[in-house]
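In: Here you go, sequence then predicted model.
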Amino acid sequence: MAEKTNDEKGSPVEQQRLEQEQIEDLGSIWRTRGKHAIHCLTVVGQVEGHVEAPQGQKTTKYEHVIPQLVAVQEDPGIEGLLVLLNTVGGDVEAGLALAELIASISKPSAAVVLGGGHSIGIPLAVSARRSFIVPTATMTIHPVRHSGMILGVPQTMRWFEQMQERITGFVAAHSGMTEKRYTELMLRTGELVMDVGTVLDGRKAVREKLIDQLGGISDALEWLYQEIEKG
């Protein structure tokens, strides 16, 4: 088969095909066609780290997201970043790595929590410059958990403490919630069945200053456009 010419590659049909592949493979839209070029990144299901999730689970692979975030920073044609979240959490270090990358992008960025932003999804939700949440969404704050066998030694407990401190410190640095309040909600008993922690719906998340404001995609895009036009 002959290779496609440059004209064929740049045709509307070919561009549409490439965009469809981008959505199917990476769950992202490279550039929106609105007033400004916004890269749309979705974080859905479980954030997958060094270990693959079991078959049948919806996942966001961090090795797919990292190059996208680098490209958002480097591509002069992309003016802002929109992160859409509906995640149950996942790999702690992978989630923190992505959150740190989003927070370090110099272009305007906004995050919208739609269904849920649980566990390690919370640092991702607050990592953008402006965070939004719809009223029906929920955010579950709970301590770091580990599946599988662990060594019952003091060093293991200290490792859990250090990991939790990293998460708590990041959330406090990128939201209006203090470390003390985050820890209180994280260790609350009587709300989660067979677990400790707190579930916040959209309005409570804003009231607790974990998320900046109630709103959906139109609110986030409007904020991004304003920030881009400010220069």
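Out: All right, it came through fine. Residues are numbered from 1 along each chain as shown.

In: which residues of this protein score low on pLDDT?
Out: 1-32, 147-151 (pLDDT under 70).

In: now the helices for it?
Out: 6-9, 12-26, 62-74, 92-104, 121-127, 154-174, 179-186, 202-207, 217-230 (DSSP state H).

In: Could you dump those helices into TSV with distance to Leu41 and mean neighbour count added?
Out: No exception for glycine: its C-beta is placed from N, CA and C like everyone else's. Converted to TSV, the helices of the chain look like this (distance: least, C-beta to C-beta, whole Å; neighbours: other C-beta atoms under 10 Å):
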stretch	distance to Leu41	mean neighbour count
helix 6-9	24	9
helix 12-26	9	11
helix 62-74	6	16
helix 92-104	8	20
helix 121-127	10	28
helix 154-174	17	15
helix 179-186	25	16
helix 202-207	20	18
helix 217-230	12	16
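
In: Can you say which of those helices is nearest to Gly115?
Out: helix 121-127 (10.1 Å; C-beta to C-beta).

In: which residues are in contact with the closest one?
Out: 43, 47, 83, 85, 87-90, 95-96, 98-100, 102-103, 109, 111, 113, 117, 131, 133, 139, 141, 167, 170-171, 174-175, 210-211 (C-beta atoms under 8 Å, 6 or more residues apart in numbering).

In: ends of stretch 166-184, how far apart?
Out: Using C-alpha to C-alpha, to the nearest Å, the end-to-end distance of stretch 166-184 comes out at 16 Å.

In: Now do that stretch: distance to the chain's middle.
Out: Centroid separation between stretch 166-184 and its chain, computed with C-alpha atoms, centre = their mean, to the nearest Å, is 16 Å.

In: For Gly45, give its distance to Ser175.
Out: Noted for Gly45: a distance of 23 Å to Ser175, by C-beta to C-beta, to the nearest Å.

In: Looking at these two, which one has more neighbours?
Out: Each of Gly45 and Ser175 has its neighbours counted (other C-beta atoms under 10 Å); Ser175 has more, 21 against 17.

In: show me the contacts for the more buried one.
Out: Per C-beta under 8 Å, 6+ apart, neighbours of Ser175: Val126, Ser131, Lys209, Leu210, Ile211, Asp212.

In: Roughly how far does the third one sit from Gly80?
Out: Distance from Lys209 to Gly80, counting by C-beta to C-beta: 24 Å.

In: neighbour-wise, which of these two wins?
Out: Gly80 (25 against 12).

In: Go ahead and confirm the more buried one touches Ile38.
Out: Yes: assessed by C-beta atoms under 8 Å, Gly80 is found in contact with Ile38 at 4.8 Å.

In: Mind listing the shared neighbours of these two?
Out: Joint contacts of Gly80 and Ile38 (C-beta under 8 Å, 6+ apart) are Leu224.
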